[in-house]
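1. Coordinates only, no sequence provided:
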């Protein structure tokens, strides 16, 4: 209703005067001078996400908020991430009077031409089409496929596939969106993804198998023995030789099953697939054995004894770092959104380290009551608790010497259950 929309539009802020915007931009660039000096695409995107999280605070001066949004948009576009650029524009349009449609079209066009990822370029072109034709079947199929398979963004990708022109992808997406809890239906979804993989080739075939393996893993505990054998075989086929678990047993420092009603009790331990990635989960043997790495928090006597830094030796060349955790004690929404819960520093055997901030309420959520956040995916739904998943890019031109987990500046106590490294193709 236009009458309902008018007050919301009136509440938007005008674009700051040019001089105020320029000064605010200079201030942002000065404050994050070190981050701006890092040149890799992954570090540029990490900075864009950080600026975007800070832009949400209504207490911040309007010109600074505007600069944070526009800088995040520019960084994302420069690094070739059209989806993050669009996210920053949507945030900008929620606060300021801007032509969001024109900004999105320009950003997607630039991202499509700047990325070296052919599949990403196709997806950005498709998303640009959807701005004018939101029901276009081909564009929904192309954008949704990239989001689900390549970006692993199911929340945005599955609804697009369900509107897309590809009958097979549409069918499995519709089944996934029904949020089934029955193991038999999970098995049907797994088989649907696997059948699609048999008609594909190359990287797309592998990614379809990875998606199928996530559903096979979910179905395995609730089906008969013959079907369970099928699940185990498919998961092995999809992941064999592509992932290396990072051993955490020697540095695990807390036990997730000891926390009374807040305990995180896993359904399975050992080799377990989550979001299509195999992990090695430590068995706590009831409450006897530390099974997680957890960092310091000042909010309890026990948490005060936890380390502020943990080093993990690797010696492995890889393309992606997969982390099972992305939850915290006293995480969002128990504590404010946008603070740094944990830093992940990747030290290579050549060149400069890469550092990623995992933000509370963006990447990290509270383990209790299962709040959702945009920057990670729920891997395990465990009654009143959860374990989440996220991934970080690795440099292809150097071996990963060491992973450093560093406590951020907030009060959360971040948790890591497992880490796996995906090998180069």
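-> Ah, there it is. Everything numeric in this text was worked out from a predicted model, so none of it was measured. Numbering: from 1, shown residues only.
2. Any stretches of the protein with poor pLDDT?
-> Across the chain, the ranges flagged by pLDDT under 70 are 1-10.
3. residue nearest the centroid of it?
-> Compute the mean C-alpha point of the chain, and by Cα atoms, centre = their mean the closest residue is residue 376, 3.5 Å away.
4. That residue contacts residue 363, doesn't it?
-> Yes: counting by Cβ atoms under 8 Å, residue 376 touches residue 363, with 5.2 Å between them. (Each C-beta comes from the backbone N, C-alpha and C, glycine too.)
5. Who are the contact partners of residue 120?
-> 80, 82, 111-112, 146, 150 (Cβ atoms under 8 Å, 6 or more residues apart in numbering).
6. Residue 165 now?
-> By Cβ under 8 Å, 6+ apart, the contact list for residue 165 reads 137-138, 140-141.
7. can you check residue 12 too?
-> Residues counted as contacts of residue 12 (Cβ under 8 Å, 6+ apart) are 94-97.
8. give me that answer again for 6 Å
-> Neighbour list for residue 12: 96-97 [criterion: Cβ atoms under 6 Å, 6 or more residues apart in numbering].
9. how close does it sit to residue 52?
-> According to Cβ to Cβ, to the nearest Å, residue 12 and residue 52 sit 18 Å apart.
10. Phi first, then psi, for the residue nearest to the centre of the chain.
-> For residue 376, the backbone dihedrals (degrees, to the nearest 10) come out as phi -150, psi 170.
11. Same question for residue 274.
-> When read as degrees, to the nearest 10, the backbone of residue 274 gives phi -140, psi 130.
12. Over to the one 4 residues further on?
-> Phi and psi for residue 278, reported as degrees, to the nearest 10, are phi -80, psi 130.
13. That one is in contact with residue 241, isn't it?
-> No: because the distance of 10.8 Å does not satisfy Cβ atoms under 6 Å, residue 278 is recorded as not touching residue 241.
14. Of these two, which one has the most company?
-> Set side by side, residue 278 and residue 241 give different neighbour counts by other Cβ atoms under 10 Å, the larger being at residue 278 (23 against 7).
15. The more buried one and residue 191, how far apart?
-> Noted for residue 278: a distance of 20 Å to residue 191, by Cβ to Cβ.
16. hmm, back to that, write the ChimeraX selection for whichever of the contacts of residue 165 are buried.
-> Taking 16 or more other Cβ atoms under 10 Å as the burial criterion, the selection of buried members of these in ChimeraX is written as:
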select :140,141
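17. Let's have the contacts of residue 165 in a markdown table, adding distance to residue 322 and secondary structure.
-> Below are those laid out as a markdown table (distance: Cβ to Cβ, whole Å; DSSP: H, G, I helix; E, B strand; the rest coil):
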| residue | distance to residue 322 | secondary structure |
| --- | --- | --- |
| 137 | 32 | helix |
| 138 | 31 | helix |
| 140 | 28 | helix |
| 141 | 27 | helix |
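18. Show me the two of the contacts of residue 165 that sit farthest apart.
-> In those, two members sit farther apart than any others by Cβ to Cβ. They are 138 and 140, at 7.3 Å.
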